[in-house]
Structures are given as C-alpha cells and as structure tokens.
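> here is a sequence together with a model predicted from it:
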Amino acid sequence: MESKAKRQKVTPPSPPLEQWSIGSEEADERSALGQIFDKLSGKNWTRSDNWNTRSPLAEWYGVRVDTAGRVNVLELSKNNVCGRLELVVPDLLRLKELNQLWLSENKLTGPLPAWLAEKTKLTILDVGSNSLRGALSPSFASSELLTWFDYVGGENQLTSFWRGSVQNDETAQIKDLAAAGISIDVREPLALSAASVNPSTSSSNSSNSSSTSTSSSTSSASQQQHISQYPNLWKVNIVKHAISPNTCLQLINEAEKYAAEPEHVGNRPRDYIDVQHQNNSGWSQNRHKSYSTTDIDVSLSPELLDICNQALESSLLPTMAKIFGFHISELGIEDMFVAKYDMKGQKELREHRDGSELSFVLALNGSNNEYEGGGTLFRNSYTNSTMLIKPDNAGDCVMFCGRQFHSGLQITKGTRYILTGFVRIYTKDVERKKMVEEIVAKETMGYSRVNR
C-alpha cells in the first residue's frame, strides 16, 4: 500500500516593501527606521514592540505619526539604545517630518552632529545623560526651530567651551600664571573647631577683598575626617587678577549689547527652559529653575564665548586645576553665564548648592563705586558659621567646591555684574575619582578658610 506524504504548512515569504499597499514615503521611512534599529543594537533594546514588522508605524514602540502617517516623533528614552549617534544621522534625515527626538538616558556615544540642528525640522532634541563627547556646534544655539534642547547629564561631555588636553597638564602651564600677574596662595586648611573661623586673621593683610565670619557650634568628627582626607575642597579661594579689568569691561559691554539686540529679545535659553517663559529682553530669568538668575548664557553669544574661552585657557581652568589638585584636561565647563544684579530687577540670590563639583564667581565690576552691598556668603553646615567674600576689584575670582552652601547677598545700590562658571570633573585617576565621588555623595559641605 502506497503511503501518503505528510502534509506540511508552508508560510510564504514576506513580500518586499514595494509590494505592500503603502506609498514610497512610508516605505522609505520604514527602511530608515530599520537602519536605526540595526545600527543602534535594536535587538538589545528594552522595548522594540512591532519594529521591523508590517504593523502600522504608529504601533511601533516609541514611534508617533502625524495625520498624514509620516513619522514626527521618536521617543526612545531609557531604552538601552547603544551605539554612535552620528551613524544614524543620515537615516534620521530621511524622516523628513520628524520634529521631536527623545534619546535621553541611553548609551549613545560619539559627537553630536550639527546636521541635527541644520538639516532637520526638530523643535525638541533630548540627548541628555548619554556618553556623547566633543565640541558642540554653534548651530544648536542659533537654531530658530529648537525650543527644547537637553544635552547634559550622565557621561556626556559636550561643550562649546574650551577644554584642555593632556598637553595642557604640563607644569609649565601652571608656572605661567605667576607671569600673568595672578596671585594664588594655597595653604593648609584650618580644621574647624570650637574656635571661630576668621579668614581675616589667617590671611595676608595685603588683600583688597573684605570678609567677615561668625561661628556657632563645635565641628563634628566626620567633618574633621573629611577635611583631613580632602582638604582642598573645604577652601574658599580668592584669586586676584584672574582676568584683566579691560576684559571684564568687554564682557559687560558684550552682554548688554547682546541683550539689547532685537533678534535676541525673547530668544530661548539653553536646557529645559521654554521660550515662552523668557522675559522681554535678552536677559534670561528662567534658565535655572530652582535658583534663577538674571543672566545671559555665554554659549549663545559668539563674542562672549570667544572672550571667555580665552580666559578659560589662559587663567581660569589652569588656576582651578592647581588649587584643587586636578589636571587641566580633567576639568570642563558645564555652564557659564554673565549675571546681573540691579535695583530694578534681581537684587540677591538665596542660599543654595550648585550641581557642579567646582564653581567660580568672578567680579566683573568693582564694589567701590559701582554698587553697594552684594558679595557671596558661604555657610558651614556643621558649625552654622558664615563667611562673606566680596572682592573689591574687577577681575578677582572666588573658586570653591560647588556643594558648599552659598548665597548672593542683596545689593543696596547700583548694578553688580559677575561671571559664573559651573565646572565638572572628568577623571579616570583612582584617587581623584574618589574625591569626585565624595563631592557628589556629600549631602552637606562646609568651608575652612580663605586662600588669597
């Protein structure tokens, strides 16, 4: 008897995209998304529902489409997206109606290509908290479309500001500071005890800066241990002649010029801030939500950026590296801005701690005849003692650990201008990395004494 062959169900192969009942535009978008999936390790994404299937694009995880069915939003934040972002820029450009790109808190590497600002319709670009590196193109600051642009956080090291290289770490770079007339006296810190912390009695009488101090309680054992382990973090440093008075005047003039230009009135600030919340001049008031200042982001003005980058290279970052014991190449500016205090607007800044490991406040005009009041008040959270630092001369700079409590005291007359910088530390050295981790983990910080 002849046996019957066993029947098997055979699934026909999927037809190519062009044989589907879809248009050429959707076919090209599906192809572009497929390339993005492959280049950014889509198989390892946390979620990739319906990607590279015949399902409608609107059903692909993180993909949204407009009324015409074109992809206009790609939301893949916190999704284990890995790879070099620059590799998928050509594919992103094929999504011609894309206006929102959310890629924060992933593992993206490489630079941030300028084409994302120059050749797309993006109004929102969020690549914060990745591992992106390199110079940030001015195109992102000058874009007329971007209203939300976040590129900070995580391991990102994108900056418009000057960054030192390993060659800048040579000792010769530090020795040049003295030749430039910059005065630094790095001394052993004063361990806080029941005695008052009085910087005026422990520093040179030749300083032109004024400071006052009060004390309340005995320092704790944990504070003493912290001081002995990382003494430089507990110092508040006044650096005389960090930049010239003429450079200070240039910064003030360029800031006011920028604020007065019609095209900058209502211009959006950087990072998180909606353009609709801007005031009616070029001075921003909402860039720092929790502790807002009336300021201008230096990176938005080519003229301000050029002046500041020269100052960062010649004096500010080399000085800070010497004071706190890091290499110049390990320091990078996260934010830098010209702030303005006057009697018609903001007069003071309440107590706070900065998000950066290191910070500086540079006086752009003197307190002798241009304003009254002001200054930076530091508070030791262990003893509750306070110390007022108020440089008299334009060009003098206060450098300190950003985790120290400090506030900007109220001015009572005139206008005060300062240049503020938030400095992040990027180091692979084991010991210095411990110091950075200590800064980040520390809930409260005090101060020791003033170095002049």
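Here it is on my side, so go on.

> residues contacting the nearest residue to G154 once chain neighbours are set aside?
Once flanking residues are discounted, G154 sits nearest to S129: 3.3 Å by C-beta to C-beta, 6 or more residues apart in numbering. (C-beta placed from N, C-alpha, C; glycine too.) By C-beta atoms under 8 Å, 6 or more residues apart in numbering, S129 lies in contact with S104, E105, N106, V152, G153, G154, E155, N156.

> scan those residues and report the most crowded one.
Highest neighbour count within these: N106, with 25 neighbours (other C-beta atoms under 10 Å).

> and that one, its phi and psi?
Phi and psi for N106, reported as degrees, to the nearest 10, are phi -120, psi -150.

> counting neighbours, what do you get for the closest residue to it other than its chain neighbours?
Nearest non-adjacent residue to N106, counting by C-beta to C-beta, 6+ apart: V81, 4.0 Å away. Using other C-beta under 10 Å, V81 has 26 neighbouring residues.

> in a strand, that's where L108 is, yeah?
Yes: assessed with DSSP: H, G, I helix; E, B strand; the rest coil, L108 lies in a strand.

> give the bridge partners for it, please.
G83 (DSSP bridges).

> send me stretch 361-369 as CSV with only the CA atoms.
C-alpha atoms of stretch 361-369 as CSV (Å, rounded to 0.1, in the frame of the first residue of the first chain):
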residue,chain,number,x,y,z
VAL,A,361,32.2,83.6,40.7
LEU,A,362,34.2,86.3,39.0
ALA,A,363,33.6,90.0,39.7
LEU,A,364,33.2,92.0,36.5
ASN,A,365,32.9,95.4,38.2
GLY,A,366,34.2,96.7,41.5
SER,A,367,32.2,97.4,44.6
ASN,A,368,34.0,100.6,45.5
ASN,A,369,31.8,103.0,43.4
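
> tell me the one among the contacts of S129 nearest to M387.
V152 (30.1 Å; C-beta to C-beta).

> the closest residue to the closest one other than its chain neighbours: neighbouring residues, count only.
Excluding the flanking residues, the one nearest V152 by C-beta to C-beta, 6+ apart is G128, at 5.6 Å. Neighbour count of G128, defined by other C-beta under 10 Å: 22.

> ditto for K78
14.

> if we can go back for a sec, check the contacts of S129 and tell me the two furthest apart.
The most distant members of the contacts of S129, if one measures by C-beta to C-beta, are N106 and V152, lying 14.5 Å apart.

> element containing the residue most central in space within the chain, please.
Central residue of the chain (C-alpha atoms, centre = their mean): E334, 2.8 Å from the mean position. Secondary structure assignment for E334, by DSSP states H and E: strand 331-342.

> mind giving me the packing neighbours of that strand?
Applying 3 or more C-beta pairs under 8 Å, 6 or more residues apart in numbering; DSSP states H and E, one finds that strand 331-342 contacts strand 157-159, helix 245-260, strand 295-297, helix 317-324, strand 411-425.

> which parts of this structure are helices?
Assigned by DSSP state H, the helices in the chain fall at 24-39, 89-93, 115-118, 138-142, 171-179, 221-229, 245-260, 302-311, 317-324, 430-441.

> can I get these in TSV including mean neighbour count and mean pLDDT?
Shown next, in TSV, are those (neighbours: other C-beta atoms under 10 Å; pLDDT from 0 to 100):
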stretch	mean neighbour count	mean pLDDT
helix 24-39	17	95
helix 89-93	17	95
helix 115-118	18	90
helix 138-142	17	76
helix 171-179	12	54
helix 221-229	14	52
helix 245-260	18	95
helix 302-311	19	92
helix 317-324	23	90
helix 430-441	13	77
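
> please pull out the lowest mean pLDDT helix or strand from the chain.
Of all helical and strand segments in the chain, the minimum by mean pLDDT, DSSP states H and E falls on strand 210-214, at a mean of 43.

> and the end-to-end length of stretch 320-331?
Stretch 320-331 has an end-to-end distance of 9 Å (criterion: C-alpha to C-alpha, to the nearest Å).

> could you give the separation of that stretch from the chain centroid?
17 Å (C-alpha atoms, centre = their mean, to the nearest Å).

> hmm, back to that, can I get the helices and strands packed on strand 331-342 in JSON lines with distance to V236?
Shown next, in JSON lines, are these (distance: least, C-beta to C-beta, whole Å):
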{"stretch": "strand 157-159", "distance to V236": "26"}
{"stretch": "helix 245-260", "distance to V236": "21"}
{"stretch": "strand 295-297", "distance to V236": "22"}
{"stretch": "helix 317-324", "distance to V236": "10"}
{"stretch": "strand 411-425", "distance to V236": "15"}
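
> of those, which approaches F360 most closely?
Of all those, it is strand 411-425 that lies closest to F360, at 4.9 Å by C-beta to C-beta.

> how about the closest one: buried residues?
By neighbour count on 16 or more other C-beta atoms under 10 Å, the buried set for strand 411-425 is 411, 414-425.

> farthest-apart pair in those, please.
Across the buried residues of strand 411-425 (C-beta to C-beta), the longest gap, 35.5 Å, separates G414 and I425.

> which ones are touching D66?
Counted by C-beta under 8 Å, 6+ apart, D66 has contacts N72, E97.

> oh, and call the first residue 53 from now on, that's how I've got it
With the count now opening at 53, the last piece we talked about shows up as D118.

> quick one: low-confidence ranges for the stretch 353-502 of the chain?
For the stretch 353-502 of the chain, the stretches with pLDDT under 70 are 492-502.

> sorry, back to before: how far away is the residue nearest to G206 from I88?
19 Å (C-beta to C-beta, to the nearest Å).

> surely S183 and E207 touch.
Yes: at 4.1 Å, S183 and E207 qualify as touching, with contact defined as C-beta atoms under 8 Å.

> who touches both of those two?
Contact criterion C-beta under 8 Å, 6+ apart; residues shared by S183 and E207: none found.

> quick one: buried residues of stretch 102-121?
In stretch 102-121, counting by 16+ other C-beta under 10 Å, buried: W103, L109, W112, G114, V115, V117, G121.

> closest one of those to Y310?
The nearest one, if we look at these relative to Y310 and count by C-beta to C-beta, is G114, at 38.1 Å.

> residues contacting that closest one?
Residues counted as contacts of G114 (C-beta under 8 Å, 6+ apart) are R99, L126, E127, L128, N131, W154.

> between the residues you listed, which sits nearest T435?
Within the contacts of G114, the smallest distance to T435 is 45.3 Å, found for W154 (C-beta to C-beta).

> identify the residues contacting that closest one.
Applying C-beta under 8 Å, 6+ apart to W154 gives the contacts G114, V125, L126, E127, L128, S129, I176, D178.
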